[in-house]
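Novice: could you look at this predicted model? Sequence included:
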2 protein chains.
Amino acid sequence: MATTRDLLVETMKQLLWERGYDATSPNLVLERSGAGKGSFYHHFKGKKELAIAAMESRADELCEEFDRLVAVHSDPLAAVEAYMCLTRDAATGCRIGRIVQDPSLEDPLLNAPLKRFFGELHGKLSQLFLKAQTGAQLSDALSPDQLATLAISALQGGFVYGRAVQDGAAVNEATEGFIMLLNTQRLVR
Amino acid sequence: MATTRDLLVETMKQLLWERGYDATSPNLVLERSGAGKGSFYHHFKGKKELAIAAMESRADELCEEFDRLVAVHSDPLAAVEAYMCLTRDAATGCRIGRIVQDPSLEDPLLNAPLKRFFGELHGKLSQLFLKAQTGAQLSDALSPDQLATLAISALQGGFVYGRAVQDGAAVNEATEGFIMLLNTQRLVR
DNA sequence: GTCTATACCGAGATAGAC
DNA sequence: GTCTATCTCGGTATAGAC
């Protein structure tokens, strides 16, 4: 059953993805969802509270997607490659990275879900790289932490660059470039 | 001589860096610069026109900085390394990448300076990688284009990731990680 | 829980005097 | 070229009825 509250959260998730936080007005959420002002302010204190709920939901969703992908790969580097090489479109933008630069996100309460998500993602990737190094599959020239930072950056930066030059394929050019460089660091068995 | 027009452009450049386009109001520009509304709308048709002037100026400035850096390095890979490893702070943000995700930037007129800048940067980096490959200094496992895309993405994504997790050092962790991986692609002489 | 009416404010811009 | 007064619109939220 889709409660009105859930409907508002889902609509906000969509709009945050399309337009970010600052450019998404409560009126737009209401128009898009079909809900009324009364419902909105009954379920949430205001735009900020709704947005936080939406971001938490999005963060959970993306973490779960990542975990499912990892679960089907016993090889840690295969898992990393599978994640990085997912087909992405810079024109659509990252479902969560999209809003990082919004000025209002300087508010720690608003930023918290982003911080949590990227922190968790970084941790999960680091673990995979560490496992690959411990298993003598991967050179330890770079630390697991640094590899994770670079992986996330290549992905997020691909979205930024692709949006700027209006090239939807740029994200995957970046992520696949990272994977190719990473593969040169594999140790022969 | 700093004309009022120049003053407005400089103030807008600073505010675009700090807050992006959408969150920067004409009133803020006027307050910060000390100019009056009359001057503003005398010199520019509106906020959009001023922002374009500011972005063009910023793009020129950054291109020149890049060129100066390249000029002092005869070795192409040394030039790339020098650029990537400049000390940057994710807390401050990229002077130009900062605004790429602003919703209003979907307007082609507003986006044009960004597209030009990132296009030129990509071209310059590609040239350096090509030169390194032609000179047998660098493996050609990845194309110059793909290396350039990855370099820019690592940089821009470092800003995004660093802002999300509030770690100013993340940008350089990403850019230096890229350089370390790149260095494994150098060919022995 | 949901509706409509209302209020307040700042964004963005124009008009006309100086 | 610059100033102040003024205008319109939408963002964000509250009030009170249903």
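Specialist: Structure's in. What do you need? Numbers count the residues shown, from 1 in each chain, chains lettered A, B, ... in the order given.

Novice: any low-confidence regions in chain A?
Specialist: A:189 (pLDDT under 70).

Novice: pull the longest helix from it.
Specialist: Longest helix in chain A by number of residues (criterion: DSSP state H): helix A:108-134.

Novice: now do that one: distance to the chain's middle.
Specialist: 11 Å (CA atoms, centre = their mean, to the nearest Å).

Novice: against which helices or strands is the next helix-or-strand element following it packed?
Specialist: Next along the chain after helix A:108-134, taking DSSP states H and E as the criterion, comes helix A:144-164. Packing partners of helix A:144-164 (3 or more CB pairs under 8 Å, 6 or more residues apart in numbering or on different chains; DSSP states H and E): helix A:76-84, helix A:108-134, helix A:170-183, helix B:108-134, helix B:144-164, helix B:170-183. Every C-beta, even on glycine, is put in place using the N, C-alpha and C of the backbone.

Novice: turn those into TSV, including distance to A:Asp67.
Specialist: Formatted as TSV, the helices and strands packed on helix A:144-164 follow (distance: least, CB to CB, whole Å):
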stretch	distance to A:Asp67
helix A:76-84	10
helix A:108-134	8
helix A:170-183	19
helix B:108-134	34
helix B:144-164	20
helix B:170-183	23
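
Novice: A:Ile99 and B:Glu120, how far apart?
Specialist: 28 Å (CB to CB, to the nearest Å).

Novice: got the residues of chain A near DNA strand D?
Specialist: A:22, A:24-28, A:37-38, A:41, A:45-48 (CB under 7 Å from any atom of the strand).

Novice: and if we set it to 6 Å?
Specialist: A:25-27, A:37-38, A:41, A:46-48 (CB under 6 Å from any atom of the strand).

Novice: also near DNA strand C: which of these, exactly?
Specialist: Applying CB under 6 Å from any atom of the strand, the subset of these adjacent to DNA strand C comprises A:37-38.

Novice: report the buried members of the residues of chain A next to DNA strand D.
Specialist: A:26, A:47 (16 or more other CB atoms under 10 Å in any protein chain shown).

Novice: which of the residues of chain A next to DNA strand D lies closest to chain B?
Specialist: Minimum separation from chain B among the residues of chain A next to DNA strand D (CB to the nearest CB) is found for A:Ser25, which lies at 11.6 Å.

Novice: what residues of stretch A:59-69 count as buried?
Specialist: A:59, A:62, A:66.

Novice: name the element the nearest residue to A:Ser33 once chain neighbours are set aside belongs to?
Specialist: Leaving out its chain neighbours, the residue that sits closest to A:Ser33 by CB to CB, 6 or more residues apart in numbering or on different chains is A:Thr11, at 4.0 Å. For A:Thr11, the enclosing helix or strand under DSSP H and E is helix A:4-19.

Novice: what does that helix rub up against?
Specialist: Residues from elsewhere that reach helix A:4-19 (CB atoms under 8 Å, 6 or more residues apart in numbering or on different chains): A:2, A:24, A:28-29, A:32-35, A:39-40, A:43-44, A:50-51, A:53-55, A:57-58, A:92-93, A:95, A:98-99, B:103.

Novice: show me what secondary structure element comes after it.
Specialist: Past helix A:4-19, the next helix or strand by DSSP H and E is helix A:26-33.

Novice: circling back: just checking, what packs against the longest helix of chain A?
Specialist: helix A:47-71, helix A:76-84, helix A:144-164, helix B:144-164.

Novice: quick one: buried residues of it?
Specialist: A:110-111, A:113-118, A:121-122, A:124-126, A:128-133.

Novice: ditto for stretch A:14-25
Specialist: Neighbour counts using 16+ other CB under 10 Å place A:14-17, A:19-24 of stretch A:14-25 among the buried residues.

Novice: now find how far off-centre that stretch is within its chain.
Specialist: Worked out by CA atoms, centre = their mean, stretch A:14-25 lies 15 Å from the chain centre.

Novice: check stretch A:72-83 too.
Specialist: That offset, for stretch A:72-83, works out to 18 Å (CA atoms, centre = their mean).

Novice: buried residues in that stretch?
Specialist: For stretch A:72-83, by 16+ other CB under 10 Å, it's A:76-77, A:79-83.

Novice: that stretch vs chain B: in contact?
Specialist: No - judged by CB under 8 Å from any CB of the partner chain, stretch A:72-83 stays clear of chain B, getting no closer than 14.0 Å.

Novice: kindly export that stretch (C-alpha atoms) in PDB.
Specialist: C-alpha atoms of stretch A:72-83 as PDB (Å, rounded to 0.1, in the frame of the first residue of the first chain):
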ATOM      1  CA  VAL A  72      27.200 -12.500  -7.000                       C
ATOM      2  CA  HIS A  73      30.900 -12.200  -7.500                       C
ATOM      3  CA  SER A  74      33.200 -14.300  -5.300                       C
ATOM      4  CA  ASP A  75      36.200 -12.500  -6.900                       C
ATOM      5  CA  PRO A  76      36.600  -9.100  -5.300                       C
ATOM      6  CA  LEU A  77      38.100  -7.400  -8.400                       C
ATOM      7  CA  ALA A  78      35.300  -8.900 -10.500                       C
ATOM      8  CA  ALA A  79      32.800  -7.200  -8.100                       C
ATOM      9  CA  VAL A  80      34.600  -3.900  -8.400                       C
ATOM     10  CA  GLU A  81      34.600  -4.200 -12.200                       C
ATOM     11  CA  ALA A  82      30.900  -5.100 -12.300                       C
ATOM     12  CA  TYR A  83      30.000  -2.000 -10.200                       C
END
